[in-house]
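Asker: Pasting a predicted model and its sequence here:
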Amino acid sequence: MTTAIIVIIVVVVVLLVLALLVIPRMRKRTRERHQVQAQEHMNEARERSIAAQQEHAAAQEQLARAQRERAEAERRAVEAEQEARERMAEADGHRSAAESLHQRAAKLDPRLRDADPTVSGTSGATGYAGEPGDGSAYPSDGRTR
């Protein structure tokens, strides 16, 4: 029985020695595995950071382009509105001149007073020679007699 106890003690001692040799190696492998994982995480973080910076720069460029396009559209709209106002003012000037000429014509020949509906606002002939109801002696095809 003493032999069995000695064998058990030797086996326990051998297992303890093996455990003392294996545990540091296992810890070293675990530490190395953690270091590899940490390095992989760092590489992925670096790649994502670069991608995020590139995406951010692209988004800023897109925003700037959209702002430039909006400003250009607003500038064109302002120019179009200004041009429309100028055309309206010019048309008002032409209308005023037409009314003035209509009044002069009415003073010279009272029969033409209501002859042009675009000036006086009444219906009838336009006041151009050769049109029906214009009271002129000229034919409508523009020929003189």
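Answerer: Okay, I see it. The structure presented is a predicted model; accordingly, all values stated were derived computationally and were not measured.
Asker: Determine the longest helix present in the chain.
Answerer: Using DSSP state H to define each element, the chain has its longest helix at helix 2-108.
Asker: distance between that one and the chain's centre?
Answerer: Taking CA atoms, centre = their mean, to the nearest Å, one finds the center of helix 2-108 at 18 Å from the center of the full chain.
Asker: What average pLDDT does it get?
Answerer: Per-residue pLDDT over helix 2-108 has a mean of 95.
Asker: Double-check residue 112 against residue 104; I have them as touching.
Answerer: No - counting by CB atoms under 8 Å, residue 112 stays clear of residue 104, with 9.9 Å between them. Glycine gets a C-beta too; all of them are placed from N, C-alpha and C.
Asker: Spatially central residue in the chain, please.
Answerer: Centroid-nearest residue in the chain: residue 66, 4.5 Å away (criterion: CA atoms, centre = their mean).
Asker: Between residue 112 and residue 104, which is the more surrounded one?
Answerer: Between residue 112 and residue 104, residue 112 has the larger neighbour count (other CB atoms under 10 Å), namely 19 against 11.
Asker: Would you mind measuring from that one to residue 97?
Answerer: Distance, residue 112 to residue 97, by CB to CB, to the nearest Å: 16 Å.
Asker: Residue 86 now?
Answerer: The spacing between residue 86 and residue 97, counted by CB to CB, is 16 Å.
Asker: One more: residue 58?
Answerer: Residue 58 is 58 Å from residue 97, by CB to CB.
Asker: Ok, residue 36 next?
Answerer: To residue 97, residue 36 is 91 Å away according to CB to CB.
Asker: Likewise for residue 43?
Answerer: 81 Å.
Asker: Residue 109 now?
Answerer: 19 Å.
Asker: and if you look at residue 46?
Answerer: Taking CB to CB, one finds residue 46 at 76 Å from residue 97.
Asker: Now do residue 102: how many residues are near it, please.
Answerer: Using other CB under 10 Å, residue 102 has 19 other residues around it.
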